[in-house]
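> sequence below, structure please.
(chains A, B, C and D)
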There are 2 protein chains.
Amino acid sequence: MSLESLRQNISKYAQITDNQWQDFIDYFSLKRIKKKDFLIAFGQHCQFEAYILKGCFRSYFLDAHGKDVILSFAFEDWWQGDMASQLNHMPSQMNIQALEDSEVLIISSQDKELLFEKHPVFERIFRLMIMRHLVSYQDRLYKIYSYSAQERYHDLLLKHPQVLQRISQKHIANYIGVTPEFLSKMRKSFLNLH
Amino acid sequence: MSLESLRQNISKYAQITDNQWQDFIDYFSLKRIKKKDFLIAFGQHCQFEAYILKGCFRSYFLDAHGKDVILSFAFEDWWQGDMASQLNHMPSQMNIQALEDSEVLIISSQDKELLFEKHPVFERIFRLMIMRHLVSYQDRLYKIYSYSAQERYHDLLLKHPQVLQRISQKHIANYIGVTPEFLSKMRKSFLNLH
DNA sequence: CGTCTATTTGAATGTACTCAAAAGCGGTGG
DNA sequence: CCACCGCTTTTGAGTACATTCAAATAGACG
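Prediction:
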């Protein structure tokens, strides 16, 4: 991924001029994150949006018993950030961890506000991006309610084949909402049938 | 609820002038919806955002077996709309049904665009509103994964006591992701313990 | 008052979990 | 380069939470 892919990414939502693009990328800085390190960690007060150039991440909460609850995976050309933290100006309740050595472009929430003031078109772009994220959460919720564990697993593999290549079964199991043991058994019984 | 409550609702996100407010409400129209009728129905091509003055709604999908999957309830001073439909300019996959005789203020997606062009501050307001919705979906997802059915039920009653007064158990059961039969049994065993 | 829907109750069932142990795999250091 | 350690994945047995189906009861509405 490159700056050019970022430009294409945001241009899906609104046309921007070269001048606006220049102002846009001037606010971004590159950050490298090693595998297992955190882009955002629980309790931190770092508010920003990140565009993934290389690598992948998982964002998750910790539940009352200290277990992970994975909200999402993110790969190249996706965005990650802690909306709740940005909205409420609170320390993050969320962890975002690199699952591979990764590179991201970061814009702070403050700079984002400056950018929106200068070029309102970017407020539009981010509004539409957030809408897309919201729709994908609705879809996720719908599937948790109406799909069986088997169906959720196959849906994930169908829509995001790279997940199988790059994410451990433990994390996939967590994402679809089953134990690693049960995912293993599902995979076995699926193989026996095919 | 009144126009004044709508003004307060949006003023939480950004300051607006009297002039901007006037332009804003000029785009809205009042719509009355009888109990069990639909604000949005599957397959319709009506794209808008609705602010609830009076009454309540449930938004839901139909799954492969024709069963409801309730995504949200909405009461006075809340917003409802079909983001997926607005974003993709597609017929709605979602149903939004009035659970009481209701009144809403509606702005069409087209008028919303005109409004944003005239006063970019409203693009900001809607961006922040959508962020709040997104955060609430993240919260919902987190709880589906980490709370037991009992905990989800009590969390709902604690956060939204009016739900118990105004929504049938059948719909509450659907929302928290259990069968009506099981919710009935949970309630009984809870009473026996207290 | 009668009809239709919502809620309750019970019995049998199923899906997914817990716990425990073995097997596999990957990274690190000697 | 290989041996070891820690983590992931597999496997099995027993269990729990929630479901399905069926039937009875209660409640809402015309």
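> which one's the longest helix in chain A?
helix A:120-146 (DSSP state H).
> any weak-confidence spans in chain A?
Scanning chain A for pLDDT under 70 picks out A:1, A:191-194.
> specify the angle between the longest helix of chain A and helix B:121-146 in degrees.
Interaxial angle, helix A:120-146 versus helix B:121-146 (axes from the mean of the first three to the mean of the last three CA atoms, to 10 degrees): 20 degrees.
> is any residue of helix A:120-146 near chain B?
Yes. Counting by CB under 8 Å from any CB of the partner chain, chain B is contacted by helix A:120-146 at A:120, A:123-124, A:126-128, A:130-135, A:137-142, A:144-146. From N, CA and C alone the C-beta is placed, and that goes for glycine too.
> list the buried residues in that helix.
Using 16 or more other CB atoms under 10 Å in any protein chain shown as the test for burial, helix A:120-146 gives A:120-135, A:137-138, A:140-146.
> cool, stretch A:91-104 as well?
A:92-99, A:102-104.
> from these, which ones fall inside helices?
Counting by DSSP H, none of the members of the buried residues of stretch A:91-104 fall within helices.
> what's the most distant pair in those residues?
Greatest spatial distance in the buried residues of stretch A:91-104: A:93 and A:103, 25.4 Å, computed using CB to CB.
> and the residue lying closest to residue A:175 once chain neighbours are set aside, helix, strand or coil?
In space, and not counting its chain neighbours, residue A:175 is closest to residue A:70: 4.7 Å by CB to CB, 6 or more residues apart in numbering or on different chains. With DSSP: H, G, I helix; E, B strand; the rest coil as the basis, residue A:70 sits in strand.
> confirm for me that residue A:70 is in contact with residue A:174.
Yes. Look at residue A:70 against residue A:174 with CB atoms under 8 Å: they come within range, at 4.7 Å.
> list residues touching both of those two?
Overlap between the contact sets of residue A:70 and residue A:174, as judged by CB atoms under 8 Å, 6 or more residues apart in numbering or on different chains, is given by residue A:60.
> quick check: residues of chain A near chain B?
Within reach of chain B by CB under 8 Å from any CB, chain A has these residues: A:61, A:63-64, A:67, A:69, A:71, A:83-84, A:86-87, A:116, A:120, A:123-124, A:126-128, A:130-135, A:137-142, A:144-146, A:177.
> repeat that for 7 Å
Chain A comes close to chain B at residues A:61, A:63, A:69, A:71, A:83-84, A:87, A:120, A:123-124, A:126-127, A:130-135, A:137-138, A:140-142, A:144-146, A:177, as judged by CB under 7 Å from any CB of the partner chain.
> send the alpha carbons of stretch A:65-78 over as CSV?
As requested, the backbone C-alpha atoms of stretch A:65-78 are provided in CSV (Å, rounded to 0.1, in the frame of the first residue of the first chain):
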residue,chain,number,x,y,z
HIS,A,65,-13.1,-12.1,33.5
GLY,A,66,-10.1,-10.7,31.7
LYS,A,67,-10.9,-12.4,28.4
ASP,A,68,-10.5,-10.8,25.0
VAL,A,69,-13.5,-9.7,22.9
ILE,A,70,-12.4,-9.0,19.4
LEU,A,71,-14.4,-6.3,17.7
SER,A,72,-12.6,-6.3,14.4
PHE,A,73,-9.6,-7.2,12.3
ALA,A,74,-8.0,-4.6,10.0
PHE,A,75,-5.6,-5.1,7.0
GLU,A,76,-4.0,-3.0,4.4
ASP,A,77,-6.1,-0.1,3.1
TRP,A,78,-8.4,-0.1,6.2
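> contacts for that stretch?
Contacting residues not belonging to stretch A:65-78 are listed as A:1, A:5, A:9, A:52-54, A:56-63, A:80, A:162-163, A:167, A:171, A:174-175, B:138, B:141-142, B:145-146 [CB atoms under 7 Å, 6 or more residues apart in numbering or on different chains].
> related to what we said a few turns ago, is DNA strand D contacted by the longest helix of chain A?
No. With CB under 7 Å from any atom of the strand as the criterion, DNA strand D is not reached by helix A:120-146; the gap is at least 9.3 Å.
> ok, then the element right after that helix?
helix A:149-159 (DSSP states H and E).
> contact residues of chain A facing DNA strand D?
A:168-170, A:180-181, A:183-185, A:187-188.
> can I get those in JSON lines including secondary structure and distance to residue A:15?
Shown next, in JSON lines, are the residues of chain A next to DNA strand D (DSSP: H, G, I helix; E, B strand; the rest coil; distance: CB to CB, whole Å):
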{"residue": "A:168", "secondary structure": "coil", "distance to residue A:15": "40"}
{"residue": "A:169", "secondary structure": "helix", "distance to residue A:15": "43"}
{"residue": "A:170", "secondary structure": "helix", "distance to residue A:15": "43"}
{"residue": "A:180", "secondary structure": "helix", "distance to residue A:15": "46"}
{"residue": "A:181", "secondary structure": "helix", "distance to residue A:15": "50"}
{"residue": "A:183", "secondary structure": "helix", "distance to residue A:15": "44"}
{"residue": "A:184", "secondary structure": "helix", "distance to residue A:15": "48"}
{"residue": "A:185", "secondary structure": "helix", "distance to residue A:15": "50"}
{"residue": "A:187", "secondary structure": "helix", "distance to residue A:15": "46"}
{"residue": "A:188", "secondary structure": "helix", "distance to residue A:15": "51"}
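> just the buried ones among those, please.
Those of the residues of chain A next to DNA strand D that meet the buried threshold are residue A:183, by 16+ other CB under 10 Å.
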